[in-house]
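> sharing a sequence plus its predicted fold:
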Amino acid sequence: MNETLTLALACVAGTGLGAVFFAVFGGQFAGGASYKQPALWFFGSLLLRMGITLAGFYVVSNHHWERLLLCLLGFVVARPVVGWLTRPSEARPGTGGQSCALVPDEMIFWRHGALKLNGTIVFTWDLMFVLAVGSKLITRKLPRT
């Protein structure tokens, strides 16, 4: 297959993985308080979504760092797209003003003067750390070329 087409498909696959990852999170975030054991559901969903994402990265990359990089780029691009698609519904007629907040900016973990560490920053860096460690563990036995 043409290399340009392969790289484009890797980016599209990354966007699809990201869309599924963040859309499921957004839907769960909106209704999570109604679960009997929300922490268990959130953690189980996180493990499942991360497992699917890492497996998708592994399959798409097929031992090519260029494909992995474009897949990751597509994944990152999917985040604001999903956020835009799940924007507050007061902009949509007939929704009754119900909104889904996808970003936990109001959760402040640490503050020092004008600097603050909110939930978005903490969750994003946690996700990046887990993806990096998972990628390293998955690829540790791959032959170096």
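Received the coordinates, thanks.

> contacts, neighbours, all on C-alpha from now
Noted.

> helices or strands next to the helix or strand containing Thr120 in the packing?
Thr120 is part of helix 119-139, with elements assigned from DSSP states H and E. Using 3 or more C-alpha pairs under 8 Å, 6 or more residues apart in numbering; DSSP states H and E, the elements in contact with helix 119-139 are helix 38-61.

> can you give me how far the helix it packs on is from the chain middle?
For helix 38-61, the separation from the chain centroid amounts to 9 Å (computed by C-alpha atoms, centre = their mean, to the nearest Å).

> still on that earlier bit, and the helix holding Thr120, how far from the chain's centre?
Mean-position distance between helix 119-139 and its chain equals 10 Å (C-alpha atoms, centre = their mean).

> buried residues, that helix. List them.
Gly119, Thr120, Ile121, Leu131, Gly134 (16 or more other C-alpha atoms under 10 Å).

> adding pLDDT and distance to Leu54 as columns, could you present the residues you listed in a markdown table?
Converted to a markdown table, the buried residues of helix 119-139 look like this (pLDDT from 0 to 100; distance: C-alpha to C-alpha, whole Å):
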| residue | pLDDT | distance to Leu54 |
| --- | --- | --- |
| Gly119 | 76 | 23 |
| Thr120 | 77 | 21 |
| Ile121 | 79 | 21 |
| Leu131 | 82 | 7 |
| Gly134 | 82 | 7 |
